[in-house]
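Participant: Quick one: sequence plus predicted model below, questions after.
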Amino acid sequence: MKKLVIPILLAYCCMSCGDHVEKMQMPAYTFESNGPTVYTDSYITYIIYTPVKCDAAQLSLIAADIRKNTDVKYTSLWIEYREPQHYDSYATSSIDATAAVTKIKPQEESLPENPQPATETVREPEPVHKQAAATPQKERTIDGTVIGRFRDNMSNIYVLYSKNGKYYIDNSYTDGSHMTQELETRTRNGAKTYNVVGDPYEYFVIEGGRLYCYDEDGNLGGIYDPA
């Protein structure tokens, strides 16, 4: 009888441990009301809202679910994650035929929930960029030589221009606020790029009349059409 005690105890312990092993649950999420944006026959973007900020592992589950339910003809997906009532995304996923990469943005990249037209610093310790008073987009003028004017799927306007030998991008948002960032030119894979000064996380390329936004690893973050 004593010989049965150890096997029985082991079996009980295994059952008890098994009761506490839980599979990670996919967080709840909703799609942006306007739906996804299709840029090409193979490239599609989504804006996703989660009730609270999720970590990379949880967002990877959402990305996998969206990939599974997206037509296979779209071989490249870009997903932005936002909290309710927030304009800026706190994380992104880039999916193509070879890899799926989910990244949480550094805290300092998040924009205020309700951007105000008062004086703001974009990021410390970078040079301060001030927001001008809100003005209708159609009345805005650029003090410099315009290289290109572009529009995203939410009707925000991006103007890339040069002045006194320097390059800038002026971002005008539909709520009337705007932000100007200084750029520096570089060469990457034989293409001329415009990099945000002091920001290693993104750069721009103009090709075929469109503005392409990439992150530091070369993952495509957005395509903006001529405005």
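Facilitator: Yep, it's here. Residues are numbered from 1 along each chain as shown.

Participant: name the element Arg67 belongs to?
Facilitator: helix 56-68 (DSSP states H and E).

Participant: Could you pull out the buried residues of the following helix or strand past that helix?
Facilitator: Following helix 56-68 in sequence order, the next helix or strand is strand 76-82 (DSSP H and E). Within strand 76-82, the residues that count as buried by 16 or more other CB atoms under 10 Å are Ser76, Leu77, Trp78, Ile79, Glu80, Tyr81, Arg82. In this view, the C-beta of every residue, glycine as well, is placed from N, C-alpha and C.

Participant: do the same with stretch 156-169
Facilitator: Result for stretch 156-169 [16+ other CB under 10 Å]: buried residues Asn156, Ile157, Tyr158, Val159, Leu160, Tyr161, Tyr167, Tyr168, Ile169.

Participant: Now do it: everything it contacts.
Facilitator: Residues from elsewhere that reach stretch 156-169 (CB atoms under 8 Å, 6 or more residues apart in numbering): 137, 140, 142-152, 170-174, 180-185, 194, 196, 204, 206, 211, 224, 227.

Participant: quick revisit: which of the buried residues of stretch 156-169 fall in strands?
Facilitator: Among those, the members found in strands (DSSP state E) are Ile157, Tyr158, Val159, Leu160, Tyr161, Tyr167, Tyr168, Ile169.

Participant: Taking those, tell me the two that lie furthest apart.
Facilitator: Ile157 and Tyr167 (17.0 Å; CB to CB).

Participant: just so I have it, where are all the strands in this structure?
Facilitator: With strands called from DSSP E, the chain shows them at 30-31, 37-38, 43-49, 76-82, 91-95, 100-104, 145-151, 157-163, 166-172, 178-188, 191-196, 202-207, 210-215, 220-226.

Participant: Present those as TSV; the columns should include distance to Ala64 and mean pLDDT.
Facilitator: As requested, the strands of the chain are exported to TSV (distance: least, CB to CB, whole Å; pLDDT from 0 to 100):
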stretch	distance to Ala64	mean pLDDT
strand 30-31	16	92
strand 37-38	20	84
strand 43-49	13	89
strand 76-82	11	89
strand 91-95	9	87
strand 100-104	7	84
strand 145-151	31	92
strand 157-163	31	92
strand 166-172	32	91
strand 178-188	30	88
strand 191-196	31	89
strand 202-207	25	88
strand 210-215	20	87
strand 220-226	19	84
